[in-house]
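S.K.: pasting a predicted model and its sequence here:
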Amino acid sequence: MIKLAIDAMGGDHAPKAIVEGAAEAVLHFPDIEVILVGNEGEIRPHLKTEERISILHTEEKILSEDEPVRSVRRKKDASMVMAAREVAEGRADACISAGNTGALVAAGLFLVGRLPGIHRPALAPTFPTIDGKGFLLLDVGANSDAKPEHLLQYAYMGSIYAEKVRGIRRPTVGLLNIGTEAQKGNDLARKAYSLLLDSDLNFVGNVEARDLLTGVADVAVTDGFTGNMVLKTMEGTALSLFRMLKETLMSNWKSKLAAGFIKKDLKQIQNKMDYSSYGGAALFGLASPVVKAHGSSDARAVFHAIRQAKEMVENGIVDRIRDSMEQMSKTI
């Protein structure tokens, strides 16, 4: 039985969306148990089933505006911290939170701990692509600065996840850069390019941000500062485009009539580009799986974040990354 500790108080729609997503997951996956960590008085009204669901009560939580490191150190009974502690002390196999990203990274580092040989953990969400296949981007903000060897580790960790969880045979790896030529980019990009080229990864060279959604690579690696800006830009662009499209289609009776005819097609596009079906952002490089669900996650997004954590445990992603890092260290 796979045990998952979930921060029930993290996210814009907590605890309702978290509880409903967890309830859906235990009904769908008979091999998981869920520990909801948070205020029992707020959780229980939304809990329709207690089958394989338990509550670990605490009244403290980390807020979105809290300073990450300080809050993890001072709020030892916060729901996010206690969920990470359940994993660190062996009572759960993985933890999930839709709360403060920086705090979850800090909790992962301080409590769960890094794998041997991992210099920096990486936060890696899966994004939709036009062909529906999706791609993994890392790092998107666990660490603002990076060295070339960090990007190489990101590439190995991302490749393992893409192959073992997403089922992509020999996933392609691209280095996010300002051009596709080998000599392009800053010192970090050029040195990382050389390391990736000499690796046994399926490295396809530099890739540009404009091509990411076309599926130019299954795994794209970059530093956390750049990755976070790409993440926010894509999210903002998608929201703006859908908003502009809606305003245009609702502007007059002719466009409203046309919208009625293409409503089904528009829904298909929306579903294809919906982040929630891909799960959350996995925090790679830690001693146990940690998944960051989107802050605005609804029950469906929480369900898929739970599915993602379950698959990481089932496929032994942490052990595979550990073995890969040991092999990599022998070749550098």
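M.R.: Looks like it arrived, so ask away.
S.K.: okay, strands next: where are they in the stretch 201-332 of the chain?
M.R.: Here the stretch 201-332 of the chain has its strands, by DSSP state E, counting those that start in this stretch, at 202-207, 219-221, 281-284, 290-292.
S.K.: the last one pairs with which strands?
M.R.: With DSSP bridges as the test, strand 290-292 is paired with strand 94-97 (parallel), strand 281-284 (antiparallel).
S.K.: among the strands of the stretch 201-332 of the chain, which is nearest residue 306?
M.R.: Residue 306 lies closest to strand 290-292 among the strands of the stretch 201-332 of the chain, at 8.2 Å (Cβ to Cβ). For the C-beta atoms, the positions are set from N, CA and C on the backbone; glycine is no exception.
S.K.: what is the neighbour count of residue 159?
M.R.: Using other Cβ atoms under 10 Å, residue 159 has 26 other residues around it.
S.K.: give me the pLDDT value at it.
M.R.: Note on residue 159: pLDDT of 94.
S.K.: ok, now residue 207?
M.R.: Listed pLDDT for residue 207 reads 96.
S.K.: same deal with residue 108?
M.R.: Taking residue 108 on its own, its pLDDT is 94.
S.K.: winner for burial among the strands paired with strand 290-292?
M.R.: Mean neighbour count (mean count of other Cβ atoms under 10 Å) peaks for strand 94-97 among those, with a mean of 32.
S.K.: what residues does it touch?
M.R.: Outside strand 94-97, the residues within contact range by Cβ atoms under 8 Å, 6 or more residues apart in numbering are 2, 4-7, 10-11, 80, 83-84, 86-87, 104, 112, 280, 288-293, 302, 305-306, 309-310, 312-313.
S.K.: how about whichever helix or strand comes after that strand as CSV, C-alpha atoms only?
M.R.: Per DSSP states H and E, the first helix or strand lying C-terminal to strand 94-97 is helix 101-107. Taking Å, rounded to 0.1, in the frame of the first residue of the first chain, the C-alpha atoms of helix 101-107 are listed here in CSV:
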residue,chain,number,x,y,z
THR,A,101,6.5,26.8,-3.4
GLY,A,102,9.6,28.2,-1.7
ALA,A,103,8.5,26.7,1.7
LEU,A,104,7.9,23.3,0.1
VAL,A,105,11.3,23.4,-1.4
ALA,A,106,12.8,24.3,2.0
ALA,A,107,10.8,21.6,3.8
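S.K.: which residues in the stretch 201-332 of the chain form helices?
M.R.: Using DSSP state H, counting those that start in this stretch, the helices of the stretch 201-332 of the chain run over 224-249, 253-272, 299-314, 317-331.
S.K.: coming back round to it: can you redo the strands of the stretch 201-332 of the chain as CSV with distance to residue 185?
M.R.: Compiled in CSV, the strands of the stretch 201-332 of the chain are given as follows (distance: least, Cβ to Cβ, whole Å):
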stretch, distance to residue 185
strand 202-207, 7
strand 219-221, 13
strand 281-284, 23
strand 290-292, 28
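S.K.: tell me which of those strands sits nearest to residue 159.
M.R.: Nearest to residue 159 among the strands of the stretch 201-332 of the chain is strand 219-221 (5.7 Å), distances taken as Cβ to Cβ.
S.K.: nearest to residue 128, out of the helices of the stretch 201-332 of the chain?
M.R.: Nearest of the helices of the stretch 201-332 of the chain to residue 128, taken as Cβ to Cβ: helix 253-272 at 6.1 Å.
S.K.: give me the mean pLDDT for the closest one.
M.R.: For helix 253-272, mean pLDDT rounds to 67.
S.K.: okay, residue 14: pLDDT?
M.R.: pLDDT recorded at residue 14 is 88.
S.K.: how near is the residue lying closest to it once chain neighbours are set aside to residue 25?
M.R.: Spatial nearest neighbour of residue 14, excluding adjacent residues (Cβ to Cβ, 6 or more residues apart in numbering): residue 8 at 6.3 Å. Applying Cβ to Cβ, to the nearest Å, the value for residue 8 to residue 25 is 13 Å.
S.K.: picking up where we left off before, tell me which of the helices of the stretch 201-332 of the chain sits most buried.
M.R.: Most buried of these by mean neighbour count (mean count of other Cβ under 10 Å) is helix 299-314; its value is a mean of 23.
S.K.: worst mean pLDDT among the strands paired with strand 290-292?
M.R.: Looking at the strands paired with strand 290-292, the bottom one is strand 281-284 with a mean of 92.
S.K.: and the contacts of that one?
M.R.: Counting contacts by Cβ under 8 Å, 6+ apart, the residues outside strand 281-284 that touch it are 104-105, 108, 121-125, 138, 140, 142, 154, 157-158, 161, 289-292, 294, 308, 312, 317, 321.
S.K.: can you rerun that using 7 Å?
M.R.: Defining contact as Cβ atoms under 7 Å, 6 or more residues apart in numbering, one finds that strand 281-284 is touched by 105, 108, 121-125, 138, 140, 142, 157, 161, 289-292, 308, 312, 321.
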